[in-house]
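Visitor: build the 3D model from these lines:
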Amino acid sequence: MKRLVAFFGILVLIACCSTLELGATGSAVNTVVIDPGHGGRDYGAVGRRSNEKDIALAISLRLGEYIREYLPEVDVIFTRKEDVFVPLHERAQIANDNKADLFISIHCNSASSRRAQGTETFVMGLHRSEANLEVARRENKSILYEDDYLETYDGFDPHSPEANIIFSLYQNAYLDQSLKMASLVQDQFRDRAGRIDRGVKQAGFLVLYEIAMPGILVETGFISNSAEEQYLMSSSGQAYLASAIFRAFRDYKEEQDAIFAEQNRYRNRLDEEATTYADEVSGPANGSDSAGTTDSTDIADEAEGEIIFRVQFTSMADKVSVNDPRFNGIDDLYVYHYQGLYRYAAGNEQSLEKANEVQRTLQDKGYHDAFVVAFMDNERIPAREAIRLLQARETQ
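Guide: Alright, predicted model coming up:
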């Protein structure tokens, strides 16, 4: 009886671990929110002959048309469909209220140098350069058009460099998916639309700060560059850019849907195995098997490799040295490549309890979305699978 109680206690831990992993890998993409930047009295960046708000809206509407035509099963929601001003926090609220699976904010870039050109896609994160910070400052200035913005955004002032420190503790639970979508967009811009690729970057954008889903902010080109401004204003340019984002979205959806389907299949199989195992534990005391059940030693024999628990705390598109100063104070740092991203984890524990201690330590350091991952012979496996195997070995 004690073993049965312990088994169901472990199931609770499995549920916690599996929830964390699901949050890190995503789910089926059924609803997308398209956010045309700026609008109304907020013109955004201003070129010689155009305004950012108009170009962003035109590209966004085309993108929505493509999704509705070629992916009719996806619900497309706009934060604005005309030239009106929508506060940043309301844009995030629209996405959250509709339980969107992805948030795409469309913008145009601007720089003091008229030679600056190319596309770049941002995800929520820390400012890694002064250039990234400047882009975030410019886009965040939209709040200045809102009444009582200091109260709405808890005293955030886009003019103040110190105000951006609030983002230094921000850890995005959807960073993996956001980086994936951003990379796909940049690939399409470069390979399909023939644009200069300025890469995927991180910075503190208020519009991404409050969304409860993966999100990206796309800078489609420099309105301050006369050649790019002409391209951005043209119907063909807008069509190419919208098509590139659509193709990236289509590929992203296919991948996330496939992951979600595989997780469902795996979860169903584990549920069936857990039910069988629970029957074995509560079966006859003399050790004889009931009809239709499997000896627990068969389960234990599935894998005899070393099982290790670690705590993943961040993911990046580009590999960073484990000696990077940002990792100071983190023990047993481990980096591995998984599903197209470099993932950073700490700890090297043989029990879930010890891994949970590492998780709490990392959360105290500001990595609030750190979660437990499991490895067998240095190959990542689902945490619930690792616990199942360990439990099976104990019963051998």
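Visitor: that's a helix at residue 33, yeah?
Guide: No - looking at residue 33 with DSSP: H, G, I helix; E, B strand; the rest coil, it is strand, so not inside a helix.
Visitor: now for it: which residues touch it?
Guide: By C-beta atoms under 8 Å, 6 or more residues apart in numbering, residue 33 lies in contact with 77, 78, 79, 94, 95, 98, 100, 102, 103, 104. For glycine as for every other residue, the C-beta is placed from the backbone atoms N, C-alpha and C.
Visitor: residue 185 contacts residue 121, correct?
Guide: Yes - Residue 185 lies in contact with residue 121 (C-beta atoms under 8 Å); the separation is 4.8 Å.
Visitor: returning to that earlier point: next step: the contacts of residue 33 restricted to helices.
Guide: 94, 95 (DSSP state H).
Visitor: need the contacts of residue 33 in TSV (columns: pLDDT, distance to residue 190 and neighbour count).
Guide: Output for the contacts of residue 33, formatted as TSV (pLDDT from 0 to 100; distance: C-beta to C-beta, whole Å; neighbours: other C-beta atoms under 10 Å):
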residue	pLDDT	distance to residue 190	neighbour count
77	97	28	17
78	98	27	19
79	96	27	23
94	95	30	19
95	93	27	29
98	94	31	14
100	94	27	24
102	95	21	26
103	95	23	29
104	97	18	26
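Visitor: between the contacts of residue 33, which is nearest residue 200?
Guide: Distances from residue 200 to the contacts of residue 33, taken as C-beta to C-beta, are shortest for residue 104 (14.1 Å).
Visitor: spatially nearest residue to the closest one (excluding sequence neighbours)?
Guide: Nearest residue to residue 104, sequence neighbours excluded (C-beta to C-beta, 6 or more residues apart in numbering): residue 34, at 5.3 Å.
Visitor: what about the stretch 201-350 of the chain, any weak spots by pLDDT?
Guide: 263-264, 266-304 (pLDDT under 70).
Visitor: for it, just list every one of the helices.
Guide: 206-209, 226-233, 235-281, 296-300 (DSSP state H, counting those that start in this stretch).
Visitor: still on that earlier bit, mind listing what the residue nearest to residue 104 touches?
Guide: 60, 63, 64, 76, 77, 78, 79, 104, 106.
Visitor: what pairs with it across the strands?
Guide: residue 78, residue 104 (DSSP bridges).
Visitor: check the gap between it and residue 64 for me.
Guide: Applying C-beta to C-beta, to the nearest Å, the value for residue 34 to residue 64 is 5 Å.
Visitor: common neighbours of these two, please.
Guide: Common neighbours of residue 34 and residue 64, counting by C-beta under 8 Å, 6+ apart, are 76, 78.
Visitor: quick check: residue 223 touching residue 110?
Guide: Yes - if you go by C-beta under 8 Å, residue 223 and residue 110 touch, sitting 5.5 Å apart.
Visitor: shared neighbours of these two, anything?
Guide: In contact with both residue 223 and residue 110: 45, 46, 47, 52, using C-beta under 8 Å, 6+ apart.
Visitor: what subset of those is buried?
Guide: Buried subset of those (neighbour count, 16 or more other C-beta atoms under 10 Å): 45, 47, 52.
Visitor: show me which of those is closest to residue 252.
Guide: Using C-beta to C-beta, those come closest to residue 252 at residue 52, 24.9 Å.
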